[in-house]
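Chemist: predicted model and sequence follow; I will ask about them next.
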Amino acid sequence: MKRAWAALVATTIVLALAACDDGARSAERSAPPREAPSTTSATAPPVTSPDQLAEPTSAGAAAAELVRVERALRTDGADPQTRTTIGWAQQLAYGALSSHPEWTDAVFAALPADVEPIVRANRAAAAHLESPSLGPLPTELPDWTIRTPLPASMLVGFYQEAERESGVPWPYLAAIHFVETRMGRIHGNSSAGARGPMQFIASSWAAYGNGGNVDDDHDAILAAGRYLAAAGASRDIGRALFAYNRSDEYVAAIEVYAGVIAADARAYDGYHAWQVYVTTTAGTRRLPEGWTRPT
């Protein structure tokens, strides 16, 4: 049906699915470690950018940060900006864990029972998206524009509307949106001609778009629900996801992320905050909202 251009997604990984062929391995390696002021101090300035944060620099620090952010996401009461900041820190913590596989056993051993399954799940999703089968690193930055996503509450409303229409559980639609375009941040065509926040090729959009706008989050999310329903999601969601993007690694990652959201919908706020990091042969950099590749 469609291909995510080099779909993004795991904490520290640049994802270029075998099903797509656009040469720009995109998104998610987590940013390299930075020196930054701590945000845990009562005197620290407000955090207004991910660039003010730093990756943990040891297994112990990574474990402590993962406990902090995963518990904070599952606690009500924080305002949207605070939850966004938690999501930024969450992404960097998983990025550090992915960049330092030698920490894995020590980190898992240090996690309490309520957090360990969450961290294991997110790490497993990242591992699927780190598969060598997903292609080599690109040599240049992708031809994208990075947009500001719609608010999390609005997007969740779209996913739930699609669930009511199609019967596809909304966490799967959220996970696809996350992996494909980081909740609509990435705007650009794949080499296969896939477009929009849910990455449809023209023929699939003609069949399932219902006359909508392929670049509109609402229209694309509802179309994805229709596509998955037609592909048999009610009988076998994994098979329907494979029809959506023909990669076993992709399917496995979507199922994991959807499972985390289904277990506690508040986890979505963390993923919604995750940024677009692109790794090329020259290194890793964050593409902030508003970025367009220089001509």
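Modeler: On my side now, so go ahead.
Chemist: switch to C-alpha atoms for all contacts and neighbour counts from now on
Modeler: Fine.
Chemist: so what's residue 290 up against?
Modeler: 145-148 (CA atoms under 8 Å, 6 or more residues apart in numbering).
Chemist: for residue 252, that is, sorry about that
Modeler: Here residue 252 is in contact with 125, 128 (CA under 8 Å, 6+ apart).
Chemist: for residue 234, same thing?
Modeler: 167-168.
Chemist: any idea whether the residue nearest the centre of the chain is helix, strand or coil?
Modeler: Nearest to the geometric centre of the chain sits residue 178, at 3.8 Å (CA atoms, centre = their mean). Look at residue 178: counting by DSSP: H, G, I helix; E, B strand; the rest coil, its state is helix.
Chemist: wait, it touches residue 271, no?
Modeler: Yes: with contacts counted by CA atoms under 8 Å, residue 178 reaches residue 271, the gap being 7.1 Å.
Chemist: roughly how far apart are residue 274 and residue 84?
Modeler: 8 Å (CA to CA, to the nearest Å).
Chemist: okay, those two: which has more neighbours?
Modeler: Taking neighbours as other CA atoms under 10 Å, residue 274 and residue 84 compare with residue 274 leading, 27 against 24.
Chemist: relative to residue 183, how far out is residue 229?
Modeler: 21 Å.
Chemist: more neighbours: which of those two?
Modeler: Between residue 229 and residue 183, counting by other CA under 10 Å, residue 183 is the more crowded of the two (27 against 20).
Chemist: you'd agree the more buried one is up against residue 196?
Modeler: No: Residue 183 is beyond contact range of residue 196, at 10.7 Å (criterion: CA under 8 Å).
Chemist: pLDDT weak spots in this protein?
Modeler: Of all residues in the chain, those with pLDDT under 70 make up the ranges 1-44, 133-134, 189-192.
Chemist: please enumerate the helices of it.
Modeler: Ranges of helices in the chain, per DSSP state H, are 59-73, 80-99, 104-110, 116-129, 152-166, 170-181, 202-208, 217-230, 237-244, 248-263, 267-273.
Chemist: any chance of these in JSON lines, plus distance to residue 295?
Modeler: Rendered in JSON lines, the data for the helices of the chain read as follows (distance: least, CA to CA, whole Å):
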{"stretch": "helix 59-73", "distance to residue 295": "38"}
{"stretch": "helix 80-99", "distance to residue 295": "29"}
{"stretch": "helix 104-110", "distance to residue 295": "41"}
{"stretch": "helix 116-129", "distance to residue 295": "30"}
{"stretch": "helix 152-166", "distance to residue 295": "32"}
{"stretch": "helix 170-181", "distance to residue 295": "22"}
{"stretch": "helix 202-208", "distance to residue 295": "27"}
{"stretch": "helix 217-230", "distance to residue 295": "27"}
{"stretch": "helix 237-244", "distance to residue 295": "32"}
{"stretch": "helix 248-263", "distance to residue 295": "32"}
{"stretch": "helix 267-273", "distance to residue 295": "28"}
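Chemist: which among the ones you listed is found nearest to residue 137?
Modeler: Proximity to residue 137 (CA to CA) singles out helix 116-129 among these, at 13.1 Å.
Chemist: how far out from the middle of the chain is the closest one?
Modeler: Here helix 116-129 is found 12 Å from its chain centre; the criterion is CA atoms, centre = their mean, to the nearest Å.
Chemist: in it, which residues are buried?
Modeler: 116, 118-119, 121-129 (16 or more other CA atoms under 10 Å).
Chemist: equivalent analysis for stretch 255-268, please.
Modeler: 255-262, 266-268.
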